[in-house]
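Visitor: Got a predicted model here, sequence first, then my questions.
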Amino acid sequence: EDKVVQSPLSLVVHEGDTVTLNCSYEVTNFRSLLWYKQEKKAPTFLFMLTSSGIEKKSGRLSSILDKKELFSILNITATQTGDSAVYLCAVDGIGNEKLTFGTGTRLTIIP
Amino acid sequence: DGGITQSPKYLFRKEGQNVTLSCEQNLNHDAMYWYRQDPGQGLRLIYYSQIVNDFQKGDIAEGYSVSREKKESFPLTVTSAQKNPTAFYLCASSIGPETDTQYFGPGTRLTVL
């Protein structure tokens, strides 16, 4: 059974700090790992990492995938209050028709 | 505008009643999904559908039913058999059944009184 574990469960930092969120996984025939940001309602897509794209960056957010050690990190630099959200990690395996999600990390940025 | 819509936003139900949550998308996506979200448990898959007139059970299908008569629509019925239905329900869609990126609707919060 596919499994995703995120850590920490929650994190509180001050504006301007840098944070690192962790996602470890077990999946049969790994195909991709996805990061989502969920503020109040629907999760919004951030990144997809695959065997051919193990590092992604968008503005202050970046993510890397370590396929050997089976984990990914999401990095946010110079955090802002708008970064406060739950960050979800999900994995997909070849032949799967569904994603397996972790429980999420709740990030709170204090002004 | 293209997107996924869910209705209602909030729903209250008495014990023993069935309720149906709506999910519509105009993205021309083949695959659609229903998730349930409880505090501290992430997203859990209830049902998913790869194409019209076909759907499969997810990890927690008991007490729920779905239909997929149209490509755009994937309604979820929460039946009285669902023991603990109070939760936040999210619908999602993706281009195809094995396309990774799923796009989510705004969700429906169901409360059983």
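Guide: Cool, got the structure. For clarity, every value in this text was computed on a predicted model and none was experimentally measured.
Visitor: buried stuff in stretch B:65-73?
Guide: The neighbour-count check on stretch B:65-73 (16 or more other Cβ atoms under 10 Å in any protein chain shown) flags B:65, B:66, B:68, B:71, B:72 as buried. Every C-beta, even on glycine, is put in place using the N, C-alpha and C of the backbone.
Visitor: Close to chain A as well: tell me which of the residues you listed qualify.
Guide: With Cβ under 8 Å from any Cβ of the partner chain as the criterion, the buried residues of stretch B:65-73 include none near chain A.
Visitor: Now distance to residue B:20 too, for those, in JSON lines please.
Guide: Listed next are the buried residues of stretch B:65-73 as JSON lines, based on distance: Cβ to Cβ, whole Å:
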{"residue": "B:65", "distance to residue B:20": "9"}
{"residue": "B:66", "distance to residue B:20": "10"}
{"residue": "B:68", "distance to residue B:20": "14"}
{"residue": "B:71", "distance to residue B:20": "18"}
{"residue": "B:72", "distance to residue B:20": "16"}
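Visitor: Just the residues you listed: which are in helices?
Guide: Among the buried residues of stretch B:65-73, no member falls in helices (DSSP state H).
Visitor: Go through the residues you listed and flag which are in strands.
Guide: Applying DSSP state E to those, the entries found in strands are B:65, B:66.
Visitor: who does residue A:58 bridge with?
Guide: Beta-bridge pairing of residue A:58 under DSSP bridges involves residue A:61.
Visitor: Can you pull the residues of chain B lying near chain A?
Guide: Residues of chain B lying near chain A (Cβ under 8 Å from any Cβ): B:4, B:31, B:33, B:35, B:40-45, B:48, B:50, B:56, B:58, B:90, B:97-98, B:100-107.
Visitor: for the chain, what spans make up the strands?
Guide: Went with chain A since none was named. Taking DSSP E as the criterion, chain A carries its strands at A:3-7, A:10-14, A:19-26, A:30-38, A:44-50, A:55-58, A:61-66, A:71-76, A:85-93, A:100-101, A:105-110.
Visitor: Chain B was what I was after
Guide: B:4-7, B:10-13, B:19-25, B:31-37, B:43-49, B:56-57, B:64-66, B:76-78, B:87-94, B:103-104, B:108-112.
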